[in-house]
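Participant: sequence plus the predicted model coming up.
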Amino acid sequence: MSLTQNYKLNVIQWYPGHIAKAEKNLKEQLKRVDVVLEVRDARIPLATHHPQIDEWVGSKTRLLILNRLDMISPQVRSLWVDYFKRQGEVVYSTNAQHGQGVPAVLKAAQAAGVELNQRRRDRGMLPRPVRAVVIGFPNVGKSALINRLLGKRVVESAARPGVTRQLRWVRISDQLELLDAPGVIPLKLEDQEAALKLAICDDIGEASYDNQLVAAELVNVLNYLQDVATELLPKKPLESRYQLDSSPHTGEAYLHLLAEHRYKGDVERAARQLLTDYRKCLLGEIPLELPPN
């Protein structure tokens with residue numbers, strides 16, 4: 001194996017200390033929780049699924065939320081909804097920044113509480129608010145969702161991973177209490193393809209990756225999707241944006257050409273610009289994953 005291949009394989013590893021601690025606390029708190037709201041990034045619903053979440057949730061009610069619905073087309077969204085339906089999951093699509101889809105999530109969480117309190121009454125116990133937790137990778141929009149559920153800004157949210165550090169309970173209404181948990185990420189990112197997608201979508205700390213490698217991978221993924229799912233993507237997004245066609249080139253070659261073409265040969269600047277344009281949806285509504293057949 002060449003050095004570059006080896007470097008690429010070990011490209012992304014990110015596990016800050018506060019996440020390890022948060023995960024331990026979260027497992028403790030989960031014992032007290034009735035409903036789990038699992039938030040994923042609609043552009044990469046598989047890569048933002050924490051492998052241990054099924055084990056943590058056990059038999060509790062789980063609501064699957066695909067956030068950032070504004071970043072994928074309605075057509076791609078309905079493909080994912082159908083895919084998860086076949087897996088026996090109901091999907092809630094949200095754009096937490098603007099509040100789209102949030103009332104349906106609130107209603108579903110409260111409905112779980114009705115069931116819970118019926119069981120409590122049957123056992124001669126008093127009703128109590130349903131306890132829900134919002135879980136997901138860093139920066140997938142958990143804090144924005146909580147603020148929308150509350151109808152006011154109580155949780156700091158920012159466009160960078162790792163802002164939420166503490167676990168804390170937030171009371172939403174007489175019926176619902178919510179635990180705001182820091183983003184949790186697997187101890188080891190075994191799947192480097194998924195890790196690269198997390199980096200492209202800015203769902204992982206910037207210190208863990210090389211911009212040029214990640215931007216080159218974005219070009220490779222876009223070229224691949226153009227070939228296999230032309231009808232689901234904007235037409236030639238990179239050519240439309242930069243007047244430079246990516247289809248004949250590898251991601252790495254394209255990045256160097258783009259640097260020459262627009263940024264006086266500055267490859268790092270070209271890489272950063274490409275990633276920023278993708279993250280701001282300036283290349284169009286582009287998913288990085290499509291449902292497996």
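Facilitator: Structure received.

Participant: let me see the contact set for the nearest residue to Ala108 once chain neighbours are set aside.
Facilitator: Nearest-residue entry for Ala108: Leu63, 5.4 Å, with adjacent residues in sequence omitted and distances by CB to CB, 6 or more residues apart in numbering. No exception for glycine: its C-beta is placed from N, CA and C like everyone else's. If you count contacts by CB atoms under 8 Å, 6 or more residues apart in numbering, Leu63 has them with 35-38, 90, 92, 105, 108-109.

Participant: show me the beta-bridge partners of Leu63.
Facilitator: When bridges are assigned using DSSP bridges, the partners listed for Leu63 are Leu37.

Participant: so which of the contacts of Leu63 comes closest to Ala270?
Facilitator: Ala270 has its nearest neighbour among the contacts of Leu63 in Glu38, at 35.5 Å by CB to CB.

Participant: which residues touch that closest one?
Facilitator: The neighbours of Glu38, taking CB under 8 Å, 6+ apart as the test, are 49-50, 53, 57, 62-65, 135-136.

Participant: inside strands: which ones of these?
Facilitator: 62-65, 135-136 (DSSP state E).

Participant: now these in TSV, with distance to Lys236 and pLDDT?
Facilitator: Formatted as TSV, those follow (distance: CB to CB, whole Å; pLDDT from 0 to 100):
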residue	distance to Lys236	pLDDT
Arg62	39	92
Leu63	37	94
Leu64	33	96
Ile65	32	97
Ile135	37	88
Gly136	32	88
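
Participant: select only the buried ones of these in ChimeraX?
Facilitator: Here the buried members of these are turned into a ChimeraX selection, burial being counted by 16 or more other CB atoms under 10 Å:
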select :62,63,64,65,135,136
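
Participant: including distance to Gln192, could the ones in strands among the contacts of Glu38 go into CSV?
Facilitator: Conversion of these to CSV gives the following (distance: CB to CB, whole Å):
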residue, distance to Gln192
Arg62, 27
Leu63, 29
Leu64, 25
Ile65, 26
Ile135, 23
Gly136, 20
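
Participant: hmm, back to that, could you dump the contacts of Glu38 into CSV with distance to Ser208 added?
Facilitator: CSV is the format used below for those (distance: CB to CB, whole Å):
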residue, distance to Ser208
His49, 19
His50, 17
Ile53, 21
Val57, 27
Arg62, 28
Leu63, 29
Leu64, 26
Ile65, 25
Ile135, 20
Gly136, 18
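
Participant: farthest-separated two in those?
Facilitator: For the contacts of Glu38, the farthest-apart pair by CB to CB is His50 and Leu63; their separation is 14.9 Å.

Participant: for the chain, which element, helix or strand, carries the lowest mean pLDDT?
Facilitator: helix 3-9 (a mean of 38; mean pLDDT, DSSP states H and E).

Participant: in the following helix or strand past that helix, what counts as buried?
Facilitator: With elements assigned by DSSP states H and E, the helix or strand that comes after helix 3-9 is helix 17-30. Under the neighbour-count criterion of 16+ other CB under 10 Å, helix 17-30 has 19, 22-23, 26, 30 buried.
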